[in-house]
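Novice: quick one, fold the following:
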Amino acid sequence: NQLLLSTVVWYLIFYSPFDVGYKFFKFLPIKVICAALKEVYRAKKVHDGVTHAAKLFPNAYIVMIAIGAIKGNGAGFVKIGERLCRGVWTPTAVEFLVPNFSTKASILAALIFVVDKKTDLISAPHALVYFGVVIFFVYFKLSSLLLGITDPFVPFENLFCAICMGGVFDVIQETFYGKPSTEENGEVSKPKAE
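Specialist: You can find the predicted model right below:
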């Protein structure tokens, strides 16, 4: 059934006269509906991945999160091997090093599903948690399409980096001691002993 549907869509997009199929799917209301349905399906895949991993590895929480994230954004992880096989290896586009929003959201959703399934920290019914994850996926996909918001995790990442990875200490050092003076070759000059 899915193979037949994908074949029909493929023929409509690539072989319809006057690019009618392509223009139909690029029409904004149709594009919004398709994107929302895709995100609903992504939430289902993340949930199915966590559930399947929980059956096979009942106490391996990190494995459950990883399987859920890979099922939720499998294309991002398969792209690495596909580029390697084609001979176009770009180390800067590795999904593990520079994850996109879909990967980050799939990891967060998998984490929420694992916490919901394996602990008592979330007291809401499972259907409500699942609905919340679906709304999260759909909302941010539509905000990406309509408002141009590419990654809503960036402010939290910047705050984390500033607090935990030295940003605050650099600002405090510059406030009390001033900026370190640099020489013409770009190296920081060392204070001279008196």
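
Novice: when you work out contacts or count neighbours from here on, use the C-alpha atoms and nothing else.
Specialist: Fine.

Novice: for the nearest residue to Phe24 once chain neighbours are set aside, give me the pLDDT.
Specialist: With sequence-adjacent residues excluded and distances taken as Cα to Cα, 6 or more residues apart in numbering, Phe24 is closest to Ile30, at 7.2 Å. Looking at Ile30, its pLDDT is 93.

Novice: next one: Val63
Specialist: The score at Val63 is 95. That number is its pLDDT.

Novice: and the one 10 residues further on, by the same measure?
Specialist: Per-residue confidence at Asn73 stands at 90 (pLDDT).

Novice: Arg83 against Trp89, yeah?
Specialist: Yes - under the criterion of Cα atoms under 8 Å, Arg83 makes contact with Trp89 at 5.6 Å.

Novice: circling back to that earlier point, what's the helix or strand for the residue nearest to Phe24?
Specialist: Per DSSP states H and E, Ile30 falls inside helix 28-56.

Novice: after that helix, next one along is what?
Specialist: helix 61-72.

Novice: show me what that following helix is packed up against.
Specialist: With contacts taken as 3 or more Cα pairs under 8 Å, 6 or more residues apart in numbering; DSSP states H and E, helix 61-72 sits against helix 28-56, helix 101-118.

Novice: go again using 10 Å as the cut-off
Specialist: Counting contacts by 3 or more Cα pairs under 10 Å, 6 or more residues apart in numbering; DSSP states H and E, helix 61-72 is packed against helix 28-56, helix 74-86, helix 101-118.

Novice: need those in a markdown table with mean neighbour count and distance to Phe131, can you?
Specialist: What follows is these, written out as a markdown table (neighbours: other Cα atoms under 10 Å; distance: least, Cα to Cα, whole Å):
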| stretch | mean neighbour count | distance to Phe131 |
| --- | --- | --- |
| helix 28-56 | 18 | 9 |
| helix 74-86 | 14 | 22 |
| helix 101-118 | 20 | 11 |
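
Novice: OK, contacts around Leu97?
Specialist: By Cα atoms under 10 Å, 6 or more residues apart in numbering, the residues touching Leu97 are Pro91.
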